[in-house]
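Colleague: Here is a sequence with its predicted model. Questions after.
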Amino acid sequence: MAEMVKKATRESFGEAVTALAEQDPNIVVLDADLAEATKTGIFKKKFPERFIDCGIAEANMVGIAAGLATCGKTPFAASFAMFSAGRAYEQVRNSVGYPHLNVKIVGSHAGISVGEDGATHQCCEDIALMRTIPGMTVLNPADHYEMIEAVKAAAELKGPVYLRLGRLAVESCTQDAAEPFQLGKGRTLRDGNDITIVATGLMVREALLAAESLQAAGIDARVIDIHTIKPLDTELILKAAKETGRIVTVEEHSVIGGLGEAVCACLSEELPTPVTRIGVNDVFGHSGPAVDLLKQFGLSAENIEATVKRVCKK
Amino acid sequence: MNVQERKELQITAEKVRQHIIEGVFNAKSGHPGGSLSSAEIFTYLYFKEMNIDPGDPENPGRDRFVLSKGHCAPGWYGALAERGYFDPSEMKTLRHIGAMLQGHPNMQDTPGVDMSTGSLGQGISAAVGMAIAGKMDRAPYRVYTLLGDGEIEEGQVWEAAMAAGHRSLDNLCVIVDFNGLQIDGPIAEVAGPEPIDKKFEAFGFEVMTIDGNDFDEIEKAMDAAKACKGKPFAIIAKTVKGKGVSFMENQAGWHGKAPNAEEYEKAMQELRERLEVLENG
């Protein structure tokens, strides 16, 4: 059993891609003047000749990555999510998605937990944008261990992948998972029969903490960790809906277009089930310490607990 | 090049022009103006310049071509068809449902297409990526990319140019089809991207301005590009938009419009006559 590790997933990414590159000479990494922040700097130090700093030019970075992929490379192109998935969206769609090239778009500092930088840098739309591109795999790992597996899976998959990284250090919560990491498969991290909390990324640990408190209040909550938002593990979602009857989704992302809507779409077509979405409610963020912002926006164990209690009372 | 070689290239360029008109007419849409202006460039690249093999279009050692101005696909398709990448009869299905020849180039569908393009400004970045890959692998292949003069109004073109200059990508040859017209009118009136040569120079390119409808001049520039070390090369190819079809020449209106039946006949008649003169002269 692995030990608990408190680490930001961006750091786990930097380490994992560097370790993987030892065995795979085709892996190259691109950044747009944020190597220190996205932690591609770890790779740069080890493999300077395979690291391409594109400067502050994300659109061009994505195009260069596409060109590299046509020549047999496996490029990981990283910047803040706001810029790699946001600013360069059309380049990702047309130069990577349409030709289905083997490019891994890496979006770091995603969500509002960028903190003090404020709304311009708090990307809460990246999952929505990347989900709409045909053939794009969308990954949002919860912690250190899941990030290592996600980087491996992304490198092995021949095709476009979006990989979301977080800025904040987070205590790992998947080290004791019963099921191994498998691309496209969610994991039930806690069983329960009264309600299911479907969480992704940074919110997985918050969901587990909430489920623990709910236990004390007599609510038996199941927690599903969705690291692969696309393709979504609809089988697992449907099973949870059938067995628990109620669903709460939690994501550090807009309630529009993210995990919550993906779950709603699946359930409304297959097995209509009440779903309550916790996320950023169609507003811009603002400056402040990340932890305080998460609380303020209801992206916390406390709010998940309160929401579940409210839903269970209905 | 000798007289015979020049004549053969001219003949091929005229055949490419016929394919363009054939394709766009049957599609009832498409971009004849910029396809026609680039006919000599496409022809020279595929019949003289590039190290390619139509029988082995995926060969990792091949030279690459990216049509950054993807809307001029009919011209590129015409050259690929003439070169033997696919049957010229495909031209008549251009832009049809289920056709191999999409409105803008798709590498998944068409042999010889090294990169999907169409959204302006993006192809040159992919070409830079290919050139970087070549440098990383110490591979001798060269990368060519053709841009429109209107296309260089896209900011991404200059991000890519900066990267190419900064990285001294002397395996990259950028060609700008400088026909002076874009959809809304003369480039000088719409957005003013000139001076083009000085801009590329400022971004670290070796630059040569030529008559892009003249094979001798194209050869001179391509040879200079290959000889240039330590810098990427930009060929500013002054051309005539709609070149070869009298009523399309220098008319912005023919940027993205298909000829009707009467115009089609007239255009094909002109092209056939010129081809006949070349073949029998």
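Modeller: Nice, thanks for sending it over. None of these values were measured; they are calculated from a predicted model. Numbers count the residues shown, from 1 in each chain, chains lettered A, B, ... in the order given.

Colleague: all strands for the stretch 151-281 of chain B, in order.
Modeller: Ranges of strands in the stretch 151-281 of chain B, per DSSP state E, counting those that start in this stretch, are B:172-178, B:181-182, B:185-186, B:206-211, B:233-238.

Colleague: Just give me the neighbour total for B:Pro140.
Modeller: When neighbours are defined as other Cβ atoms under 10 Å in any protein chain shown, B:Pro140 has 10 of them. C-betas here are computed from N, CA, C, even on glycine.

Colleague: Would you mind measuring from it to chain A?
Modeller: Separation of B:Pro140 from chain A (Cβ to the nearest Cβ, to the nearest Å): 13 Å.

Colleague: need the residues of the stretch 1-150 of chain A near chain B, please.
Modeller: A:28, A:49-50, A:52, A:54-55, A:57, A:59-60, A:62-73, A:75, A:90-91, A:94-95, A:98-100 (Cβ under 8 Å from any Cβ of the partner chain).

Colleague: mind listing what residue 33 touches?
Modeller: All of this is about chain A. For A:Asp33, the contact set (Cβ atoms under 8 Å, 6 or more residues apart in numbering or on different chains) comprises A:Asp53, A:Cys54, A:Gly55, A:Ile56.

Colleague: ah, no, chain B please
Modeller: B:Asn179, B:Leu181, B:Lys241, B:Gly242, B:Met248, B:Gln251, B:Ala252, B:Trp254, B:His255, B:Gly256.

Colleague: I'd like those residues laid out as a markdown table, including neighbour count, pLDDT and distance to chain A.
Modeller: A markdown table is the format used below for the contacts of B:Gly33 (neighbours: other Cβ atoms under 10 Å in any protein chain shown; pLDDT from 0 to 100; distance: Cβ to the nearest Cβ, whole Å):
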| residue | neighbour count | pLDDT | distance to chain A |
| --- | --- | --- | --- |
| B:Asn179 | 28 | 97 | 24 |
| B:Leu181 | 26 | 96 | 24 |
| B:Lys241 | 26 | 97 | 25 |
| B:Gly242 | 25 | 98 | 27 |
| B:Met248 | 24 | 98 | 28 |
| B:Gln251 | 14 | 95 | 29 |
| B:Ala252 | 20 | 93 | 25 |
| B:Trp254 | 23 | 95 | 26 |
| B:His255 | 22 | 95 | 21 |
| B:Gly256 | 15 | 95 | 18 |
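
Colleague: A:Ala290 is in contact with A:Val114, correct?
Modeller: Yes - with contact defined as Cβ atoms under 8 Å, A:Val114 reaches A:Ala290; the gap is 7.1 Å.

Colleague: other SSEs contacting the lengthiest helix in chain B?
Modeller: For chain B, the helix with the greatest residue count under DSSP state H is helix B:3-27. Using 3 or more Cβ pairs under 8 Å, 6 or more residues apart in numbering or on different chains; DSSP states H and E, the elements in contact with helix B:3-27 are helix B:32-37, helix B:39-44, helix B:73-83, helix B:215-227, helix B:261-280.

Colleague: closest one to A:Ala177 among the ones you listed?
Modeller: Closest of the helices and strands packed on helix B:3-27 to A:Ala177 is helix B:73-83, at 49.3 Å (criterion: Cβ to Cβ).

Colleague: Can you name the next helix or strand after the closest one?
Modeller: Proceeding N to C from helix B:73-83, the next assigned helix or strand is helix B:123-136, under DSSP states H and E.

Colleague: and stretch A:181-189, which residues are buried?
Modeller: Buried residues in stretch A:181-189, counted by 16 or more other Cβ atoms under 10 Å in any protein chain shown: A:Phe181, A:Leu183, A:Gly186, A:Arg187, A:Thr188, A:Leu189.

Colleague: A:Ile64 versus B:Glu153, what's the distance?
Modeller: 21 Å (Cβ to Cβ, to the nearest Å).

Colleague: Looking at the two now, which is surrounded by more residues?
Modeller: Remark: of B:Glu153 and A:Ile64, A:Ile64 carries more neighbours, 35 against 17, as counted by other Cβ under 10 Å.

Colleague: how about the helices of chain A, start to end?
Modeller: Assigned by DSSP H, the helices in chain A fall at A:9-23, A:35-38, A:41-46, A:58-70, A:81, A:89-91, A:126-131, A:144-156, A:203-216, A:234-244, A:259-270, A:290-296, A:301-313.

Colleague: can I get those helices in CSV with mean pLDDT?
Modeller: Formatted as CSV, those follow (pLDDT from 0 to 100):
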stretch, mean pLDDT
helix A:9-23, 98
helix A:35-38, 96
helix A:41-46, 98
helix A:58-70, 98
helix A:81, 98
helix A:89-91, 98
helix A:126-131, 98
helix A:144-156, 98
helix A:203-216, 98
helix A:234-244, 98
helix A:259-270, 98
helix A:290-296, 98
helix A:301-313, 97
